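Chemist: Predicted coordinates and the sequence they were generated for:
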Amino acid sequence: MLVNALRLRQHGLKLPRDALRQEIPLVGELRYEDQPHGRSSMVCLLMPAGTSTDPLVQLFACRIRIEARGILIKGVEYVWQRKRRDSYPQALWAWPIPREPMTIRVIPPDTSVMDDLREAME
């Protein structure tokens, strides 16, 4: 599902409302899957809308709450610094991007092109 998403935490600390209002939402494809091991083993990925294979956000041991205005995802985010891994609680607020209805526009060719065609056929 294509969504806009905001990170609600930075290095485990809640971001203030003023900072959240200034943040630019991430745009990407939201994916989640349940891993076959562990008690809470759901993994959520926010993949970029393009062809990149690196996730924008990757959360482990997720819990998902679907609300009327969007989706709240809570989990653990891993941050790697060289060979050391730090884990922080992270929350992601995502809301779907509505798909635009497909419209087909027919643009008639210029009259000069039509005149050229008529002349060529004569």
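Modeler: On my side now, so go ahead.
Chemist: buried stuff in stretch 21-34?
Modeler: Burial within stretch 21-34, assessed by neighbour count using 16 or more other C-beta atoms under 10 Å, is assigned to 26, 28, 30, 32. Where C-beta positions appear, they are placed from N, C-alpha and C, glycine not excepted.
Chemist: In those residues, which has the lowest confidence score?
Modeler: Ranked by pLDDT, those bottom out at residue 32 (87).
Chemist: so that residue touches residue 47, yeah?
Modeler: No: the criterion here is C-beta atoms under 8 Å, and residue 32 misses it with residue 47 at 11.1 Å.
Chemist: about what we covered before: the buried residues of stretch 21-34 in strands, which ones?
Modeler: 26, 28, 30, 32 (DSSP state E).
Chemist: For residue 3, state which of those residues is nearest.
Modeler: residue 30 (4.8 Å; C-beta to C-beta).
Chemist: In a helix, residue 120, correct?
Modeler: Yes: according to DSSP: H, G, I helix; E, B strand; the rest coil, residue 120 belongs to a helix.
Chemist: Where does pLDDT dip in the chain?
Modeler: 37-40, 101-104, 107-114, 116-117, 122 (pLDDT under 70).
Chemist: That one: helices as residue ranges?
Modeler: Remark: helices assigned in the chain by DSSP state H are 17-22, 111-121.
Chemist: want to try CSV for the ones in strands among the buried residues of stretch 21-34, with distance to residue 73 as columns?
Modeler: As requested, these are exported to CSV (distance: C-beta to C-beta, whole Å):
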residue, distance to residue 73
26, 12
28, 13
30, 8
32, 8
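Chemist: Just give me the neighbour total for residue 44.
Modeler: If you count neighbours by other C-beta atoms under 10 Å, residue 44 ends up with 24.
Chemist: Before I go, just wanted to say thanks for your time.
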